[in-house]
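Asks: Everything below, folded, please.
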Amino acid sequence: MEATANTAEIKLRHVETDVLIPKMLREKAKELCAEKVEAFNHCCKDSGFFMVFKCREENSALKECLTVHYKDPVLFEECKQEYIKEKLEFERTGTPAKSRKQKLPASM
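Replies: Numbers count the residues shown, from 1 in each chain. Predicted structure coming up:
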């Protein structure tokens with residue numbers, strides 16, 4: 001059984017398509033908009049209580065960048081395929097992706 005053949009046949013549950021895959025999409029969008037996220041965080045730290053008023057420009061730029069990526073069907077499909085691959089790997093091994101990604105210490 002080939003993993004690439006299974007990815008087209010897999011039926012995803014409602015929670016996977018509406019919650020888990022969009023969560024991956026948000027994480028990827030944050031990575032893609034890292035510069036704007038950093039600018040907004042820096043502005044908020046510097047402005048303190050008045051960040052609502054002082055950081056409007058940074059907030060708008062961040063929202064625009066994130067929205068572009070949230071609505072990108074290619075990125076959604078990429079996240080969906082990545083999720084399916086992780087799901088198949090979990091079904092095969094029984095080990096969650098987070099556990100597989102942890103590295104062994106160099107001293108071992």
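Asks: If you count contacts, what does the helix or strand harbouring L66 end up packed against?
Replies: Of the helices and strands defined by DSSP states H and E, L66 is found in helix 56-70. The contact analysis (3 or more CB pairs under 8 Å, 6 or more residues apart in numbering; DSSP states H and E) places helix 56-70 against helix 21-32, helix 34-47. To be clear about C-beta, it is placed using only N, CA and C from the backbone, and glycine gets the same treatment.
Asks: closest one to A61 among those helices?
Replies: Taking CB to CB as the criterion, A61 comes closest to helix 34-47 out of the helices and strands packed on helix 56-70, the separation being 5.2 Å.
Asks: buried ones in the closest one?
Replies: 36-37, 39-40, 43 (16 or more other CB atoms under 10 Å).
Asks: Can you read off the backbone torsions of R13?
Replies: phi -80, psi 160 (degrees, to the nearest 10).
Asks: Name the next helix or strand following the helix holding L66 along the chain.
Replies: Assignment by DSSP H and E places the next element after helix 56-70 at helix 73-93.
Asks: Between the two ends of stretch 27-41, how far is it?
Replies: In terms of CA to CA, to the nearest Å, the two terminal residues of stretch 27-41 are separated by 16 Å.
Asks: who's in contact with it?
Replies: Identification of contacts with stretch 27-41 by CB atoms under 8 Å, 6 or more residues apart in numbering yields 55, 58-59, 61-62, 65-66, 69-70, 75, 78-79.
Asks: Also stretch 58-66?
Replies: By CB under 8 Å, 6+ apart, the residues outside stretch 58-66 that reach it are 26, 29-30, 32-33, 36-37, 39-40, 43.
Asks: same thing but at 7 Å, please
Replies: Counting by CB atoms under 7 Å, 6 or more residues apart in numbering, the neighbours of stretch 58-66 from elsewhere in the structure are 29, 33, 36-37, 39-40, 43.
Asks: how close does E16 get to E35?
Replies: For E16, the distance to E35 equals 30 Å [CB to CB, to the nearest Å].
Asks: ugh, wrong one, I meant F76
Replies: Summarising the geometry, the distance separating F76 from E35, computed by CB to CB, is 22 Å.
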